[in-house]
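Asker: okay, sequence plus prediction incoming.
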Amino acid sequence: MLSNYKEKQFWNWFERNNSKFFFLNQIDNEQERERLLDDFLERLHTYNEHLFFEIGGHPDETQELIITAEGDTEYFEKVEALVKEAPSLKNWHIIPFKPPAEGFTISYKGIELDPKNLWFFPLENKQNISLLGLKIYLPRYEHSQKKDTLTAVYLVLDSLLGERSSSMDIHHVEVHQLPSNPEEQGLLDLVDLPGYIKWKKSKS
């Protein structure tokens, strides 16, 4: 059966070469680091040119290899198929999709966003209650920067929820100025959004 041939081909290469990438983030020579990154991406793109990767971890500890479709749901199945065939390698943790992050801020085109300072209000689609929209409220919102602010908010959601949930669970986003009394208006802390999504799914 050749159904998983391309996946096996990629992982056979990685098994032979994984030691080159274990200390990737500790390489001081920028040219050598870029050469290794390009080599990995070239190999990954022989499998599927729409997939990308991240490698991270503390020195001398287990390294994390993330295979990502950068939020493009059309290629989520390719991510899952590849990671499903991943070998068990000592000191490597191979995972599909970017996971949720903690303790982060987002900076985009001069817009600084901390999820701890943002609020949300859920919007439901009456025709399809599984589709969740969000009104996101910011302490400082300039309407003239609406497009860039919306992009920054999506980056926050990607980090807060992780790639899969951000792409699959959120179907519409609006940005608004935070009112002076958010709790009285029924707004919720954005950091509670992952729990809200989990609760909403349990009810559907």
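Answerer: Thanks, I have the structure now. Since we're looking at a predicted model, the values are computed, not measured.
Asker: when you work out contacts or count neighbours from here on, use the C-alpha atoms and nothing else.
Answerer: Will do.
Asker: does Phe121 belong to a helix, a strand or coil?
Answerer: What DSSP: H, G, I helix; E, B strand; the rest coil gives for Phe121 is strand.
Asker: what is the neighbour count of it?
Answerer: For Phe121, the neighbour count with other CA atoms under 10 Å is 19.
Asker: with Gly71 instead?
Answerer: Using other CA under 10 Å, the number of residues around Gly71 comes to 19.
Asker: for the nearest residue to Lys90 once chain neighbours are set aside, what are its contacts?
Answerer: Using CA to CA, 6 or more residues apart in numbering and skipping the chain neighbours, the partner closest in space to Lys90 is Thr62 (8.0 Å). Contact analysis of Thr62 by CA atoms under 8 Å, 6 or more residues apart in numbering lists 90-93.
Asker: one more time with 10 Å
Answerer: 22, 56, 90-93 (CA atoms under 10 Å, 6 or more residues apart in numbering).
Asker: ok, now how distant is it from Leu82?
Answerer: Note on Thr62: its distance to Leu82, by CA to CA, to the nearest Å, is 20 Å.
Asker: any idea how far the most centrally placed residue in the chain is from Pro59?
Answerer: By CA atoms, centre = their mean, the mean C-alpha position of the chain lies nearest to Glu163, the distance being 3.1 Å. According to CA to CA, Glu163 and Pro59 sit 25 Å apart.
Asker: just say helix, strand or coil for Pro179.
Answerer: Under three-state DSSP, Pro179 falls in the coil class.
Asker: go ahead and confirm it touches Tyr137.
Answerer: Yes. Pro179 is within contact range of Tyr137, at 8.0 Å (criterion: CA atoms under 10 Å).
Asker: now do the shared contacts for the two.
Answerer: Listed contacts common to Pro179 and Tyr137 are 119, 187; contacts here mean CA under 10 Å, 6+ apart.
Asker: between these two, who's got more neighbours?
Answerer: Using other CA under 10 Å, the more surrounded residue of Pro179 and Tyr137 is Tyr137, with 24 against 14.
Asker: am I right that the more buried one is in a helix?
Answerer: No. Counting by three-state DSSP, Tyr137 is not found in a helix; it is strand.
Asker: look at it and report its pLDDT.
Answerer: For Tyr137, the pLDDT comes out at 98.
Asker: so who does it touch?
Answerer: 117-121, 153, 174-179, 182, 187-190.
Asker: and the gap between the closest residue to Leu113 other than its chain neighbours and Lys201?
Answerer: The spatial neighbour of Leu113 that comes closest, neighbours along the chain excluded (CA to CA, 6+ apart), is Ile106 at 5.1 Å. Going from Ile106 to Lys201 by CA to CA gives 27 Å.
Asker: repeat for Lys146
Answerer: As for Lys146, its distance to Lys201 is 30 Å (criterion: CA to CA).
Asker: neighbour count for those two, which is higher?
Answerer: Higher neighbour count among Lys146 and Lys201: Lys146, with 14 against 11, using other CA under 10 Å.
Asker: hmm, His176 and that one touching each other?
Answerer: Yes. Between Lys146 and His176 a contact is recorded at 9.2 Å, counting by CA under 10 Å.
Asker: now the strands for this structure?
Answerer: Secondary structure of the chain (DSSP state E): strands at 52-56, 63-68, 92-96, 106-108, 111-113, 119-124, 132-138, 170-177, 188-189.
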